[in-house]
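**Student:** compute the structure for the input listed below.
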Amino acid sequence: MSSPVFDFHARLAAGEATLDGLLSTMDRCGIERAAVCAGGVLDLDRLATQVLTGGHSESDANNDAVLAGCAGSGGRLLPFFFANPHRGAQPYRERAAEFRGVEISPAVHGVPLTDQRTLALVEAAAEAGHPVYVVCLNRPGCGATDLAALAGAFPGVAFVLGHCGVVGIDVYSLTVLAPYRNVLAETSGCYTGVARIAVRRLGAERVLLGTEYPLQHPDVELTKLRTLELDAACWRQITWSNACRLLGEPETR
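**Tutor:** Residues are numbered from 1 along each chain as shown. Here you go, the predicted model:
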């Protein structure tokens, strides 16, 4: 495909080498822009343990490092604020103008989507006009039905279902969220068959390419989409236009 590529979900930790690594990987993979959120809040062992057995962290993400990296990217990287519900909504609200979206992760911080602290963060996102990237869990208050309730309560907010759901075969979440037009699905980490179902059930206008770099190599995610044999119009929507629309970026280049 000849259209430009926008990675809606990559991560950036502190350090110039990390920024250089991301930009050089984007160059090699033909990715022009990326939305980035902080990485390294938890190491992979701790994160996996929390996802599978429970628990939470109250650690803050390094949002300043994300801003610094984006500032040094020549406009290619767009910053997301990684919210910590344990701190309340005020830190995000005070800095929302510096960012282009917000991530809320029960997998990291353990706060349910039904919690008043999460609702306050979504209210702040509505005020800022930001999309909300959400990582769901198979845990009370953290699943697709809870995200659906948020989407219904905030119809003016665009929500992005990270990884097309909780696990790689989570067509259930896609089914639950399909009626909510303000919910999009991001494809990193899911199976090819699930990505195909996401396009069919939600429509190409509600699916976003994401990579979860550096945990996943972008070539893997791009290859996954290529196997779907999308027509040129659908490919451009998923890999470029939808991200531009959500983040207010020009679609022409």
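**Student:** list of residues touching stretch 8-28?
**Tutor:** Outside stretch 8-28, the residues within contact range by C-beta atoms under 8 Å, 6 or more residues apart in numbering are 7, 31-32, 34-40, 62, 65-66, 69-70, 72-73, 76-77, 133, 160, 162, 186, 188, 208-215, 217-218, 242-243, 246. Bear in mind the C-beta positions are built from the backbone N, C-alpha and C, glycine included.
**Student:** just the buried members of those residues?
**Tutor:** Among the contacts of stretch 8-28, those buried by neighbour count (16 or more other C-beta atoms under 10 Å) are 7, 31, 34-40, 62, 65-66, 69-70, 73, 76-77, 133, 160, 162, 186, 188, 208-214, 218, 242-243, 246.
**Student:** out of those residues, name the ones that lie in helices.
**Tutor:** 65, 66, 69, 70, 218, 242, 243, 246 (DSSP state H).
**Student:** show me the two of those residues that sit farthest apart.
**Tutor:** By the measure C-beta to C-beta, 65 and 242 form the most distant pair in these, at 26.7 Å.
**Student:** name all residues that make contact with the residue nearest to residue 32 when sequence neighbours are not counted.
**Tutor:** If the residues on either side of it in the chain are set aside, residue 32 comes closest to residue 4, at 4.5 Å by C-beta to C-beta, 6 or more residues apart in numbering. Neighbouring residues of residue 4 by C-beta under 8 Å, 6+ apart: 32, 33, 239, 240, 253.
**Student:** and the residue nearest to the second one when sequence neighbours are not counted, what is it in contact with?
**Tutor:** Which is residue 33. Here the nearest residue to residue 33 in space, its sequence neighbours aside, is residue 6; by C-beta to C-beta, 6+ apart that works out to 4.8 Å. Contact analysis of residue 6 by C-beta under 8 Å, 6+ apart lists 31, 32, 33, 34, 35, 209, 239, 240, 243, 244, 249.
**Student:** my read is that the second one contacts residue 76, right?
**Tutor:** Yes: the criterion here is C-beta atoms under 8 Å, and residue 32 meets it with residue 76 at 6.7 Å.
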